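[1] Structure for this input, please:
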Amino acid sequence: MSVLDVDVLIVGAGPVGLFGAYYAGARGLRTAIVDALSQVGGQVSAMYPEKEIYDIAGFPAVSGRRLIAGLVEQAAPYRPAYVLGEEAQRLEHVPGGLLVVKTGGGTEITARAVVVTGGIGTFTPRPLPAGEEFLGRGLEYFVPDGADYAGRDVVVVGGGDSAVDWALMLHPIASSVTLVHRRAAFRAHHGSVERLKAAPVEIITNAQVTAAHGGHRLERVELSTGATLPCQRLVAALGFTANLGPLREWGLDLHDNRHLVVDSAMRTNVPGIFAAGDIADYDGKVRLIAVGFGEVATAVNNAAVHIDPAAQLFPGHSTDHPAPV
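    Residues are numbered from 1 along each chain as shown. All right, here's what the predicted structure looks like:
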């Protein structure tokens, strides 16, 4: 069992959680970030890594991938501990106002405050009906880095933004890219679909992957049309399911059974637990990344005062406190 002792535990490694890690570090707080996904970035990395985002202050346009990379770099000087691929599950209160969170992977994290930035909750990829036995050996649900796809025959399954984005990203470096979608119509943005149709990507609609074959590694897939395709990398982009999961057992006040109710300091009803981003709810809430950045700064600064009541709520100006090199 792995054990961590930190000042602030951030639950959720999406953009809001990553910015929270920067702010906690800037306040001199030791920080850990836990996320059920195996990579940082939350919905942004999972669903639209190549899409341009237009409402991030200071960036006329920034891709999801660049935004997440920048947030990780921003927090890096403060060395947050990342606990990825592990769901935050049990919460225990121990003497001294400490909170202990135990993950599904066996990690135990003791914190003086917890900031929940879990977006829409635990985010789980929808499994591919065929080929699951090749997970990690050719089948993937994310494409964090295209380098592993260079020179490979790639099959992408799905018709949403992430499927189309990944096909567009991979075709310049892969040996071949085929997109397989069970319907004729796509859910992805119209402009992206038009770019896909103009790209050297084979598009097969009204079809599904029914079987996968290979030895230690994936080699080929079969389709419901009867076709067999060479395939060393199979990307399943079938969407995700999300729910609060074990957070429902933490004694937190909920709105609509899916959001955490907070006050103007981003405090939940449980002392020491704060929330920010899409998962937080209050009157007038607007669910945007831009709003979440401000919320998590508020949450972390109030968490700093919760940890040390003698601390100042206002953190000072960042220009006066440059990040360590």
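
[2] number of nearby residues for Ala212?
    Around Ala212 there are 22 other residues, counting by other C-beta atoms under 10 Å. (Each C-beta comes from the backbone N, C-alpha and C, glycine too.)

[3] what do you get for Val209?
    Counted with other C-beta under 10 Å, the neighbours of Val209 add up to 22.

[4] That one and Thr124, how far apart?
    19 Å (C-beta to C-beta, to the nearest Å).

[5] which residues touch Phe293?
    Residues counted as contacts of Phe293 (C-beta atoms under 8 Å, 6 or more residues apart in numbering) are 15-16, 19, 57.

[6] Show me the strands in the stretch 151-300 of the chain, by range?
    For the stretch 151-300 of the chain, the strands defined by DSSP state E, counting those that start in this stretch cover 153-157, 176-181, 202-205, 209-214, 218-223, 228-230, 233-236, 240-243, 254-255, 259-261, 273-275, 280-281.

[7] now the ones you listed as a markdown table including mean pLDDT and distance to Leu170?
    Converted to a markdown table, the strands of the stretch 151-300 of the chain look like this (pLDDT from 0 to 100; distance: least, C-beta to C-beta, whole Å):
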| stretch | mean pLDDT | distance to Leu170 |
| --- | --- | --- |
| strand 153-157 | 98 | 5 |
| strand 176-181 | 98 | 5 |
| strand 202-205 | 98 | 13 |
| strand 209-214 | 96 | 17 |
| strand 218-223 | 97 | 15 |
| strand 228-230 | 97 | 15 |
| strand 233-236 | 96 | 8 |
| strand 240-243 | 73 | 20 |
| strand 254-255 | 93 | 40 |
| strand 259-261 | 95 | 36 |
| strand 273-275 | 98 | 36 |
| strand 280-281 | 97 | 35 |
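
[8] Please indicate which of those strands has the most neighbours on average?
    Neighbour counts (mean count of other C-beta atoms under 10 Å) averaged over each of those peak at strand 273-275, with a mean of 29.

[9] tell me how far that strand is from the chain's mean position?
    Offset of strand 273-275 from its chain centre (C-alpha atoms, centre = their mean, to the nearest Å): 18 Å.

[10] Which parts of the protein belong to which domain?
    Domain segmentation of the chain under automatic domain parsing yields 3-124+241-320, 127-238.

[11] ends of the shortest one, how far apart?
    Distance between the two ends of domain 127-238: 7 Å, counting by C-alpha to C-alpha, to the nearest Å.

[12] What distance do you get for the closest residue to Pro60 other than its chain neighbours to Ala32?
    Counting by C-beta to C-beta, 6 or more residues apart in numbering, Tyr54 is the residue found nearest to Pro60 once chain neighbours are left out, at 7.1 Å. Counting by C-beta to C-beta, the gap from Tyr54 to Ala32 is 32 Å.

[13] Which one's more surrounded, these two?
    The neighbour comparison of Tyr54 against Ala32 (other C-beta under 10 Å) goes to Ala32, with 23 against 9.

[14] residues in contact with Val193?
    Listed by C-beta under 8 Å, 6+ apart, the contact set of Val193 reads 164, 186.

[15] where does this structure have its least confident helix or strand?
    Lowest mean confidence among the helices and strands of the chain (mean pLDDT, DSSP states H and E): strand 122-125, at a mean of 70.

[16] Show me what secondary structure element comes after that strand.
    Sequence order places strand 139-140 as the next helix or strand after strand 122-125, per DSSP states H and E.

[17] Could you check how many residues crowd around Phe59?
    Phe59 has 14 neighbours, counted by other C-beta under 10 Å.

[18] For it, give the beta-bridge partners.
    Applying DSSP bridges to Phe59 yields these beta-bridge partners: Ile56.

[19] what's the distance between it and Thr103?
    Distance, Phe59 to Thr103, using C-beta to C-beta: 33 Å.

[20] for the closest residue to Ala290 other than its chain neighbours, what are its contacts?
    Excluding its sequence neighbours, the residue lying closest to Ala290 (C-beta to C-beta, 6+ apart) is Asp55, at 5.4 Å. Counting by C-beta under 8 Å, 6+ apart, Asp55 touches 288-290.

[21] Show the buried residues in those.
    Among the contacts of Asp55, those scoring as buried are Ile289 (criterion: 16 or more other C-beta atoms under 10 Å).

[22] Out of the contacts of Asp55, the closest to Gly131 would be?
    Distance to Gly131, by C-beta to C-beta, is smallest for Ile289 among the contacts of Asp55, at 33.1 Å.

[23] wait, the closest one sits on Tyr54?
    No: using C-beta atoms under 8 Å, Ile289 is not in contact with Tyr54; the gap is 10.9 Å.

[24] Before I go, just wanted to say thanks for your time.
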